[in-house]
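>>> Sequence and predicted model, in that order:
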Amino acid sequence: MNIPSEPIGSIPRPVELILGMKANAEGQMNDKDLGHLFEAALTDTIKRFEETNSPVITDGEQTKPSFATYPISGMDRLDPNGVVIPFADGHTRQLPTITAGPFRYRTYAGSYLARAKQLTARPVKQAVIAVSAISLLYPPEGIAGYSREEFIRDLINEAEKDIRDCLNSGAYNVQIDFTEARLSLKLDPSGGLLRSFIDLNNQVLSRFTTEERKKIGVHSCPGGDRDSTHSADIPYSGLLPLLFELKAGNFYLEYAAEKDKPAVLQSIRENLRPDQRVFLGVTNVIDPRVESAEEVRDIILDALSVLRVEQFGTTDDCGFSPFADDISTARDLAFAKIRARLEGTRLAEASLKKTTVAI
């Protein structure tokens, strides 16, 4: 009985790469030398993923500035004073705003996929940022000569291109990072903001065929940056009924760190649609303790007492380092947790097989 298992995406960058990116930004390292650090980190990440025997791998987002801002990296028409995202430990992240149109991505995720596929024969999944997150780059005061409606039209076209390029380039699947979903309920408990986000993402997803959407998934978590979260205090009960309205085939959900797991499972069971699969996080990426394979197995078997195995998979709660400067988690720790997830999933498969044979 096969239980698919996939990583979310980001892996902590080597310290030398983090220092190199900082030096490059300050004009103390040239682009060529930084490129060598990127290549070394990417090569090492893929090698270590292969060593875990992971059936699906990623590039670890080693060459992205962050999971959210890669499309605008290097864009010169930006104001740094955009939306501020507060985290529970007091630190913040801030998005920029655009200052002129038309809006176009400077980098598409397919470029990361192409390089990763040159380094491995394993299936490679590719993460892309949700159109709803990028929509926050339009300033509330507007832009003279470039309306919000024009921006949204351009943005939806660009987001479609970002996903389609990955599918056409041979991605195993494409994962849309929608971490602002749960945060939106904190900002607007009425759910109006979340509904607008769902609508935006569905405008993109509607452009793909039913078969294509089987290879498109959505990731949601309460944030995971510097061992802190931005919306873990918001229960899933308000999110999941709307989240599963997204026209995607797969959903990757933070779960291991959830306190009320029975309520989460019940909400998934009530709202997951027949053509959808849910991948539950079985390793807590902000906990420095490495889960045992047996612990992971038990989390899986407990979930499968409520959910159907045919619609189930395992993953990690979140990316291990979605922002390039995050040094809170060591690379060795990330890969140890990935191994625990894979070994625990295999133990769960074996246990289910024994149960089936006994019946």
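Yes, it's here. Since this is a predicted model, take the numbers as computed values, not measurements.
>>> what's the neighbour count on Phe312?
Using other C-beta atoms under 10 Å, Phe312 is surrounded by 20 other residues. Using the backbone N, CA and C atoms, a C-beta is placed for each residue, glycine as well.
>>> Now do the contacts for it.
Counting by C-beta atoms under 8 Å, 6 or more residues apart in numbering, Phe312 makes contact with 3, 277-280, 303-304.
>>> Please indicate which of those residues are buried?
Neighbour-count burial (16 or more other C-beta atoms under 10 Å) is assigned, among the contacts of Phe312, to 3, 277-280, 303-304.
>>> so which of those would you say is closest to Lys64?
Phe279 (21.3 Å; C-beta to C-beta).
>>> any idea which element that closest one lies in?
Phe279 belongs to strand 277-281 when assigned by DSSP states H and E.
>>> Is Asp44 in contact with Pro14, as I believe?
Yes. Counting by C-beta atoms under 8 Å, Asp44 touches Pro14, with 7.2 Å between them.
>>> Rounded mean pLDDT for the longest helix along the chain, please.
Taking DSSP state H as the criterion, the chain has its longest helix at helix 331-358. Mean pLDDT, helix 331-358: 92.
>>> try stretch 21-37
94.
>>> quick revisit: buried set for the longest helix of the chain?
For helix 331-358, by 16+ other C-beta under 10 Å, it's 331, 333-335, 337-349, 351-352.
>>> ok, now which ones touch Asp89?
With C-beta under 8 Å, 6+ apart, Asp89 has these contacts: 226-228.
>>> Can you say which of the residues you listed are buried?
226, 228.
>>> Columns secondary structure, distance to Val296 and pLDDT on top of the contacts of Asp89, output as TSV?
Shown next, in TSV, are the contacts of Asp89 (DSSP: H, G, I helix; E, B strand; the rest coil; distance: C-beta to C-beta, whole Å; pLDDT from 0 to 100):
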residue	secondary structure	distance to Val296	pLDDT
Arg226	coil	24	86
Asp227	coil	20	84
Ser228	strand	23	89
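>>> Show me where the stretch 201-350 of the chain has its helices.
With DSSP state H, counting those that start in this stretch as the criterion, the stretch 201-350 of the chain has helices at 210-213, 240-243, 261-271, 293-303, 331-358.
>>> Look up how far Arg346 lies from the residue nearest to Pro80 when sequence neighbours are not counted.
Spatial nearest neighbour of Pro80, excluding adjacent residues (C-beta to C-beta, 6 or more residues apart in numbering): Pro96 at 5.0 Å. Per C-beta to C-beta, to the nearest Å, Pro96 is found 44 Å from Arg346.
>>> Which residues belonging to stretch 269-279 are considered buried?
In stretch 269-279, counting by 16+ other C-beta under 10 Å, buried: 271-272, 276-279.
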